[in-house]
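Visitor: I would like to see how this sequence folds:
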Amino acid sequence: MAGASRELPVNSSPAVASNAEGEEIEVLESTDVLPVAPEDYDPDNSGFISTERFRDLLATYGSELDPHKLEVLLALADGNADGKICYQDFVNLMSNKRSNSFRRAILQGGRQLKGCSLRDEAGLGLSQRLIRHVAYETLPREVDRKWYFDSYTYCPPPWLILAITIAEVAVFMYYGFQLDRLVLQVSSPSFLKSPLPYHPQLRAQAWRYLSYIFMHTGIEHLSLNMAMQLLVGVPLEMVHGALRIGLVYACGVLAGSLAVSVTDMTAPVVGSSGGVYALVSAHLANVVMNWSGMKCQFKLFRMAMALVCMSVEFGRAVWLRFYPPAFPPCPNPSFVAHLGGVVVGLTLGVVVLQNYEQRLQEQSLFWIFFSVYALFVLCAVFWNTFAYGLLDVRLPPTP
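Guide: Below is the predicted model:
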């Protein structure tokens, strides 16, 4: 270890994973600064800091930390059974390196974090109450909720889901005025002439596998999708960030259109249901898997209502698909995109939501599901390239 004094930024935030022995805490991000003098805390160059000296550091500089973050660091010191902490892990902590080797604390399961529940804190402003509400809606462990409450700053705001929603509403209103109808726009002869929907005759236009989310069959279709997208997507983006939620959403959208091109080969696709169902399915699965830890109010009733909304929207899509089309031989839009989104949500989406503030690239399950998803995309590309000709599928005419 180098002997010179230096200041290292503490950028840490914990993600907690349950195991058979108790809870492990990975300290990841903060925005505070603590001075670290290696000769004071590792004078023998042993590579370890005693938990006693680690506690001295916290006692000296703990006033500079948020109370909830100090709780976690004290739990790390108290819960380390071997009485020492790896110095390199400590440096990683201070240097914002998300090392899995630092995921150790409270190993015996007998030590619980001190302090009152975040829900019991009084005197909070409106924005703080909103952050607390989102924390209880999405995170199953109190230590994660407290850390998120201290760390979230609304910068950046949850812009992605809001931007997608605004764009979808704007496109719907544009075509509503152009087609002179808001209900069952799909019954208009010009509906599928837009450059946005997926159509089997135009499957070589690759952008349509994603752009179809901006078209909806009518205001009833748009309303249900937007309600679920905002109520579930915005809180998830506030906690997990635009990149992760965007990944789940985009994978659900692409899986939806590809699933239609493989299983319902003559049907077009419109609507954002693939992405919406990916987010909602992932969130509901996360709630079920962490049922005892999720402290959101009326969770059973709200989960039932979410399933009812999903069922109503899916039932509407199934009915529309088999309803006699307004302009045969082109069938009405397919419902299979909903199922593609659900599969993505229950696999890739669950892994993303389960690993709050941990690097996804360090999670083997993420790579397994992502590899399976990539294989599906590759097979679907080959299917769209060769299967239609080999099977001599009779496609509806180009709109």
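Visitor: okay, which residue is most central for this structure?
Guide: Nearest to the mean C-alpha position of the chain, by CA atoms, centre = their mean, lies residue 245 at 3.9 Å.
Visitor: check which helix or strand it maps to.
Guide: In the assignment (DSSP states H and E), residue 245 maps to helix 219-263.
Visitor: which strands or helices does that helix pack on?
Guide: helix 126-138, helix 159-179, helix 208-211, helix 273-289, helix 299-322, helix 336-344, helix 350-354, helix 364-382 (3 or more CB pairs under 8 Å, 6 or more residues apart in numbering; DSSP states H and E). From N, CA and C alone the C-beta is placed, and that goes for glycine too.
Visitor: got the angle between that helix and helix 159-179?
Guide: 100 degrees (axes from the mean of the first three to the mean of the last three CA atoms, to 10 degrees).
Visitor: so for helix 219-263, mean pLDDT?
Guide: The pLDDT scores in helix 219-263 average 95.
Visitor: please begin residue numbering at 31 from this point
Guide: With 31 as the first residue, the last one maps to helix 249-293.
Visitor: which residues of the protein score low on pLDDT?
Guide: 31-77, 81, 84-85, 88-146, 387 (pLDDT under 70).
Visitor: and if we set it to 50?
Guide: Applying pLDDT under 50 to the chain flags residues 31-64, 123-144.
Visitor: now do the buried residues in stretch 281-297.
Guide: 281-292, 294-297 (16 or more other CB atoms under 10 Å).
Visitor: can you list phi and psi of residue 324 for me?
Guide: Here is the backbone geometry of residue 324 (degrees, to the nearest 10): phi -70, psi 120.
Visitor: next, count neighbours for it.
Guide: 18 (other CB atoms under 10 Å).
Visitor: pull the most distant pair out of the buried residues of stretch 281-297.
Guide: 281 and 296 (24.7 Å; CB to CB).
Visitor: the closest residue in space to residue 291 that isn't next to it in sequence and residue 188: what is the separation?
Guide: Spatially, and ignoring its direct neighbours in sequence, residue 291 is nearest to residue 414 (5.4 Å; CB to CB, 6 or more residues apart in numbering). Here the criterion is CB to CB, to the nearest Å. By it, residue 414 lies 34 Å from residue 188.
Visitor: again, but for residue 244
Guide: Residue 244 is 20 Å from residue 188, by CB to CB.
Visitor: residue 400 too?
Guide: From residue 400 to residue 188 the distance is 24 Å (CB to CB).
Visitor: now residue 242
Guide: For residue 242 relative to residue 188 (CB to CB), the value is 24 Å.
Visitor: more neighbours: the two, which one.
Guide: residue 242 (26 against 20).
Visitor: quick one, what contacts that one?
Guide: By CB atoms under 8 Å, 6 or more residues apart in numbering, the contact set of residue 242 is 226-228, 283, 287, 298-301.
Visitor: in CSV, list those residues along with distance to residue 381 and secondary structure.
Guide: Output for these, formatted as CSV (distance: CB to CB, whole Å; DSSP: H, G, I helix; E, B strand; the rest coil):
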residue, distance to residue 381, secondary structure
226, 31, coil
227, 31, coil
228, 27, strand
283, 18, helix
287, 22, helix
298, 31, coil
299, 26, strand
300, 29, coil
301, 25, coil
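Visitor: out of the helices and strands packed on helix 249-293, flag the one nearest residue 256.
Guide: helix 189-209 (5.8 Å).
Visitor: give the buried residues for that closest one.
Guide: For helix 189-209, by 16+ other CB under 10 Å, it's 190-191, 194-195, 198, 201-202, 205-206, 209.
Visitor: try stretch 334-342
Guide: Buried residues in stretch 334-342 (16+ other CB under 10 Å): 336, 339-340.
Visitor: and of these, the nearest to residue 252?
Guide: Distance to residue 252, by CB to CB, is smallest for residue 339 among the buried residues of stretch 334-342, at 13.7 Å.
Visitor: can you show me the helices along the stretch 81-230 of the chain?
Guide: 81-91, 97-109, 117-124, 156-168, 172-181, 189-209 (DSSP state H, counting those that start in this stretch).
Visitor: so what touches the fourth one?
Guide: With contacts defined as CB under 8 Å, 6+ apart, helix 156-168 is touched by 148-149, 151, 154, 174-175, 178-179, 182, 184, 265-266, 268-270, 313, 316, 324-327, 383.
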